[in-house]
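> Provided below are the primary sequence and the corresponding predicted coordinates.
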Amino acid sequence: MAEPTDRTPPEVDRVAASRAAVEARRARAALKNSIAVGTVTALSVLDDGLEHPDGVAGRMRVTDFLLSVPAIGRTKLSRILDDLGISPSKRIGGLGHNQRVRLRNFVIDREARNRGRRKSRLVVLAGPTAVGKGTVATYIRENYRDVLLSVSATTRAPRPGEVEGVNYYFVDDTEFDRLIADHELLEHATVHNAYRYGTPRAPIDKALSAGHSVLLEIDIQGAMQVREAMPEATLVFLLPPSWDELVRRLVGRGTEDSEERERRLSTAKHELAAQNEFDYRVVNHTVAEAAREVVDLMQTRGPSVAPKA
Ligand SMILES: Nc1ncnc2c1ncn2[C@@H]1O[C@H](COP(=O)(O)OP(=O)(O)OP(=O)(O)O)[C@@H](O)[C@H]1O
Ligand SMILES: Nc1nc2c(ncn2[C@@H]2O[C@H](COP(=O)(O)O)[C@@H](O)[C@H]2O)c(=O)[nH]1
């Protein structure tokens with residue numbers, strides 16, 4: 001669909017603009033989903049847009065296109081646009097020759113780097129409350145023996161059934177302050193504006209040196225700190241099949257009162273918006289399948305990765 005011109009009557013402008021916006025939203029959603037499951041590459045969408053400037057992909061803003069690519073978020077976006085010499089308002093179909101070449105080379109390089117899925121010894125699993133991070137992480141600990149599941153320190157009280165040193169190290173504020181002061185934590189954060197959580201550094205260094213894979217199940221602030229401290233880490237965002245299912249899981253778990261549930265759901269909305277900052281997204285339809293997808297991203301050693309029957 002063509003951009004509105006000065007000669008277009010205002011009513012047609014509005015209809016055309018809203019139709020274009022709907023189509024662009026659809027294209028962005030399709031791009032996001034298809035890249036996640038690997039059926040369509042960003043390059044094929046880009047080429048479609050370059051070949052057909054008036055088509056859906058051609059009318060997509062370069063900004064929206066780049067934001068649809070996993071692991072490109074708003075923070076990286078402006079640096080990428082600067083490097084490519086492309087203004088944020090440009091559409092794919094409106095790029096000049098040199099801009100086209102630079103953007104295309106950028107996408108080709110990126111896809112070549114990601115091809116075959118990057119394997120890492122350190123994987124960070126994050127995602128909104130009640131999506132199932134703890135359940136998937138526990139499944140991995142019990143079924144994939146070569147993977148060390150990091151045990152965090154927290155200032156929150158144990159829930160019924162939680163065991164010191166298995167689920168968490170339960171510490172008070174004074175001890176948490178000491179852990180920070182002595183640089184014993186790889187990352188730490190106050191989660192849901194309530195309690196403090198942190199990842200002890202020493203067991204991770206030891207496991208990595210011994211050639212084991214390590215899984216961290218932490219919140220998004222912590223994931224970003226790990227990326228800074230250890231850029232070789234792979235960041236995985238766990239998604240619920242739907243928002244309603246997320247709420248069902250939170251309510252069904254029954255471990256928070258309604259005030260705490262509201263607080264967690266409000267954090268969850270912000271957290272879902274950060275998913276493009278991650279290297280991979282995995283949808284937690286079933287625990288075993290989500291766990292397998294996460295372990296697939298790790299360099300695990302031989303038979304220890306076989307799940308129990
Ligand atoms: N694939 C799944 N299908 C159905 N229910 C699930 C699935 N994964 C987890 N659950 C259930 O969802 C609830 C929340 O899971 P879990 O406690 O692991 O979430 P979490 O992401 O660790 O939450 P939080 O960040 O709040 O600690 C639990 O009752 C769990 O049994
Ligand atoms: N930044 C960190 N976040 C952590 C860590 N350990 C757990 N968490 C996250 O906290 C919330 C709440 O956990 P809950 O057990 O009280 O329900 C959850 O999102 C965890 O992922 C950590 O070491 N660092």
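Sure, I can see it. Ligands and ions are numbered 1, 2, ... in the order given.
> Just give the nearest non-adjacent residue to Val251, would you?
Sequence neighbours aside, Arg261 is the residue nearest to Val251 in space, at 6.9 Å (criterion: C-beta to C-beta, 6 or more residues apart in numbering). Placement of C-beta: from N, CA and C, glycine included.
> gap between the one you found and ligand 1?
10 Å (C-beta to the nearest ligand atom, to the nearest Å).
> Return the set of buried residues in the helix or strand in which that residue is found.
Using DSSP states H and E, Arg261 sits in helix 258-272. Within helix 258-272, the residues scored as buried using 16 or more other C-beta atoms under 10 Å are Arg261, Arg264, Leu265, Thr267, Ala268, Glu271, Leu272.
> now, the most widely separated pair of the residues you listed?
The most widely separated members of the buried residues of helix 258-272 are Arg261 and Leu272, with 16.1 Å between them, by C-beta to C-beta.
> could you show me where the strands are in the stretch 1-150 of the chain, in order?
Secondary structure of the stretch 1-150 of the chain (DSSP state E, counting those that start in this stretch): strands at 122-126, 147-149.
> among those strands, which is the most enclosed?
Stretch with highest mean neighbour count among these: strand 122-126 (a mean of 26; mean count of other C-beta atoms under 10 Å).
> quick one: Glu184 and ligand 1, what's the gap?
23 Å.
> What is the burial count for that residue?
For Glu184, the neighbour count with other C-beta atoms under 10 Å is 15.
> quick revisit: the helix holding Arg261 near ligand 2 anywhere?
No: Helix 258-272 is not in contact with ligand 2 by C-beta under 6 Å from any ligand atom; minimum separation 8.1 Å.
> One more: stretch 140-148?
No: contact between stretch 140-148 and ligand 2 is absent, the nearest approach being 14.0 Å (criterion: C-beta under 6 Å from any ligand atom).
> From the opening residue of that stretch to its closing one, how far?
Stretch 140-148 has an end-to-end distance of 9 Å (criterion: C-alpha to C-alpha, to the nearest Å).
> Leaving out the residues flanking it, which one is nearest to Gln99?
Ile86 (5.2 Å).
> From Asn98, how far out is that neighbour?
From Ile86 over to Asn98 the distance is 10 Å, taken as C-beta to C-beta, to the nearest Å.
> go on, Ala290?
As defined by C-beta to C-beta, Ala290 lies at a distance of 43 Å from Asn98.
> Looking at those two, which is more packed in?
Ala290 (24 against 11).
> how about Glu187, secondary structure?
Here Glu187 is strand, with the state taken from DSSP: H, G, I helix; E, B strand; the rest coil.
> check contacts around the closest residue to it other than its chain neighbours.
Leaving aside its chain neighbours, Glu187 sits nearest to Gln225 (3.7 Å; criterion: C-beta to C-beta, 6+ apart). Applying C-beta atoms under 8 Å, 6 or more residues apart in numbering to Gln225 gives the contacts Leu186, Glu187, His188, Ala189.
> 10 Å instead?
Residues in contact with Gln225 (C-beta atoms under 10 Å, 6 or more residues apart in numbering) are Val124, Leu185, Leu186, Glu187, His188, Ala189, Gly198, Thr199, Ile218.
> Looking at neighbours, which among those is most surrounded?
When neighbours are counted by other C-beta under 10 Å, Val124 leads these with 28 neighbours.
> number of nearby residues for the residue nearest to Gln99?
Ile86 has 22 nearby residues by other C-beta under 10 Å.
> my guess is it meets Leu66, correct?
Yes: the pair Ile86 / Leu66 is scored as a contact, 9.2 Å apart, by C-beta atoms under 10 Å.
> what residues are shared contacts of those two?
The contact lists of Ile86 and Leu66 share Ile80, Leu103, Phe106, where a contact means C-beta under 10 Å, 6+ apart.
> count of residues packed around the first one?
Okay, so that is Ile80. Residues lying near Ile80 (other C-beta under 10 Å) number 17.
> Am I right that it is in contact with Ile72?
Yes: using C-beta under 10 Å, Ile80 is in contact with Ile72, at 6.9 Å.
> shared neighbours of the two, anything?
Shared contacts of Ile80 and Ile72, defined by C-beta under 10 Å, 6+ apart, comprise Leu66, Arg110.
> which residues of the stretch 201-309 of the chain score low on pLDDT?
301-309 (pLDDT under 70).
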